[in-house]
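Asker: Sharing a model prediction with you, sequence too.
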Amino acid sequence: MELIKQIKEAETNAKQIIEQAKADALRIAEQVHQERTEKLNQAQGERKSAIKQAAAQAEKSGADKVETLKNEAKQEIQQLRSRSESKMSGCVDKVLNYLKEN
């Protein structure tokens, strides 16, 4: 009788241990899932932030490049005008002399 009682108690204890192990496994699985989700959300946030930062940097770099190109173009235009003005006065004199002669 005593042996049967001990066997039943052992079975009950084994069932409790199994149920506790299942509950622990479910809790750990849920915890791992939650941590993974949090890490994924954090990574997505960092990715979006990096993209915004890169876009802002590219926009600023592009604006700086445009400004540089505009300044270079203004300088080239001024140089062309000054060169053409000196040549133009010589050409005008030649044309006027030609017209006076003919």
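Answerer: That came through fine.
Asker: Show me where the chain has its strands.
Answerer: For the chain, no strands are identified by DSSP state E.
Asker: which ones are touching Ile51?
Answerer: Contacts for Ile51 (CB atoms under 8 Å, 6 or more residues apart in numbering) come out as none. For the C-beta atoms, the positions are set from N, CA and C on the backbone; glycine is no exception.
Asker: Equivalent analysis for Lys39, please.
Answerer: Per CB under 8 Å, 6+ apart, neighbours of Lys39: none.
Asker: okay, it: pLDDT?
Answerer: pLDDT for Lys39: 97.
Asker: can you check Ala25 too?
Answerer: We have a pLDDT of 97 for Ala25.
Asker: Can I get stretch 25-37 as PDB, trimmed to CA atoms?
Answerer: These are the backbone C-alpha positions of stretch 25-37, laid out as PDB (Å, rounded to 0.1, in the frame of the first residue of the first chain):
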ATOM      1  CA  ALA A  25       9.100  27.200 -21.600                       C
ATOM      2  CA  LEU A  26       6.100  29.200 -22.700                       C
ATOM      3  CA  ARG A  27       7.100  32.200 -20.500                       C
ATOM      4  CA  ILE A  28      10.700  32.000 -21.800                       C
ATOM      5  CA  ALA A  29       9.400  31.800 -25.400                       C
ATOM      6  CA  GLU A  30       7.200  34.800 -24.900                       C
ATOM      7  CA  GLN A  31      10.000  36.700 -23.300                       C
ATOM      8  CA  VAL A  32      12.300  35.900 -26.200                       C
ATOM      9  CA  HIS A  33       9.600  36.900 -28.700                       C
ATOM     10  CA  GLN A  34       9.100  40.200 -26.900                       C
ATOM     11  CA  GLU A  35      12.800  41.000 -26.800                       C
ATOM     12  CA  ARG A  36      13.100  40.100 -30.500                       C
ATOM     13  CA  THR A  37      10.200  42.400 -31.300                       C
END
